[in-house]
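Trainee: predicted model and sequence below, questions to follow.
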Amino acid sequence: MTRLYTDDAELYDIAFDWDISDEADWLVARLKATRVLEPGCGGGRMLEALADRGCKVAGIDRSARMVEIARRRLGTRADVFEADMTHFDLGTTFDGAVCPINTLLHLSGAELGRHLHRMARHLEPRARYLVQVGLVGAEQEPFAGSHWEASRGDTSLRVDWVDEELDVVAGSSRQRSRIEVLAGPRTGEVVEEVHEMTAWTPATWAEAIAASPFEEAATYDGGAEAQWPQVDATATGGLLWHELVARG
């Protein structure tokens with residue numbers, strides 16, 4: 001884990017704390033679940049949104065600092081545990097799960113396989129697991145990147161997140177994040193890091209799911225202006241939602 005997920009987790013939590021109301025409404029409608037697990041829950045913003053919509057939620061995260069932020073945000077409204085998403089045992093099952101913002105791209109192919117087997121052990125048969133995982137084409141160039149500003153209280157940030165290098169054949173990408181503190185107690189500080197990620201094509205992703213205890217029931221375009229229409233499984237893009245269903 002890099003500093004952005006540990007020592008600087010507060011900055012990450014501010015940077016990614018945009019309005020997810022419409023997304024949460026859509027997820028609840030797709031999940032059709034009352035007990036929802038989020039692996040890699042970070043500071044708990046999605047857990048909070050799902051709890052606000054009547055779901056009983058639980059989350060895990062490998063970062064002790066992220067778990068602390070999530071527990072502070074949700075109090076007794078969620079069970080949040082420090083755990084690795086490739087090796088955990090909560091001793092219970094859920095009827096739905098969600099993993100947004102390309103969190104699973106932090107896992108290698110082997111780690112994704114272990115994660116999906118763990119998730120299957122924690123989900124009831126035919127439960128949905130909605131994961132947001134971007135897919136790239138065979139001739140894909142690195143994405144242009146994202147640039148935005150965020151604030152909370154006295155702290156204001158400028159955020160840049162760009163793809164520096166993409167190797168489709170090797171299934172890898174290198175991304176760089178840069179967070180500049182524009183205002184607040186840490187004004188003038190810059191946190192810049194490189195993230196080594198996995199790059200999936202529609203074909204390699206389909207192979208990974210076929211080898212898992214899940215099947216992909218549908219794919220949705222999370223970047224569309226309308227409320228995330230269903231698209232073909234061969235679609236590419238950075239904001240695709242995959243509706244995985246645990247095999248019975």
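Mentor: Okay, I see it.

Trainee: now do the contacts for the closest residue to His106 other than its chain neighbours.
Mentor: Nearest-residue entry for His106: Met197, 6.4 Å, with adjacent residues in sequence omitted and distances by CB to CB, 6 or more residues apart in numbering. For every residue, glycine as well, the C-beta is placed using N, CA and C. The contact partners of Met197, by CB atoms under 8 Å, 6 or more residues apart in numbering, come to Asn102, Leu105, His106, Ser172, Ser173, Arg174, Gln175.

Trainee: return the list of strands paired to whichever strand or helix holds Met197, each annotated with direction.
Mentor: With elements taken from DSSP states H and E, the one containing Met197 is strand 190-198. Sheet pairing for strand 190-198, assigned by DSSP bridges, gives strand 172-183 (antiparallel).

Trainee: buried among the contacts of Met197? Need that as a selection in PyMOL.
Mentor: Restricted to buried positions by 16 or more other CB atoms under 10 Å, the PyMOL selection for those reads:
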select buried, resi 102+105+106+173+174+175
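
Trainee: quick one, phi psi at Gly223?
Mentor: Note on Gly223: backbone dihedrals following degrees, to the nearest 10 are phi -100, psi 0.

Trainee: can you check Glu23 too?
Mentor: phi -60, psi -40.

Trainee: distance check, it against Asp95.
Mentor: Using CB to CB, to the nearest Å, Glu23 is found at 20 Å from Asp95.

Trainee: now do Leu31
Mentor: 8 Å.

Trainee: how many neighbours does the residue lying closest to Ala24 once chain neighbours are set aside have?
Mentor: Among residues not flanking Ala24 along the chain, Ala49 sits closest, at 3.7 Å (CB to CB, 6+ apart). Using other CB atoms under 10 Å, Ala49 has 19 neighbouring residues.

Trainee: residues contacting the closest residue to Thr234 other than its chain neighbours?
Mentor: Once flanking residues are discounted, Thr234 sits nearest to Pro202: 4.6 Å by CB to CB, 6+ apart. By CB under 8 Å, 6+ apart, Pro202 lies in contact with Leu135, Ala233, Thr234, Ala235, Thr236.

Trainee: ok, Thr92 touching Leu123?
Mentor: No. Between Thr92 and Leu123 there is no contact under CB atoms under 8 Å: 10.6 Å.
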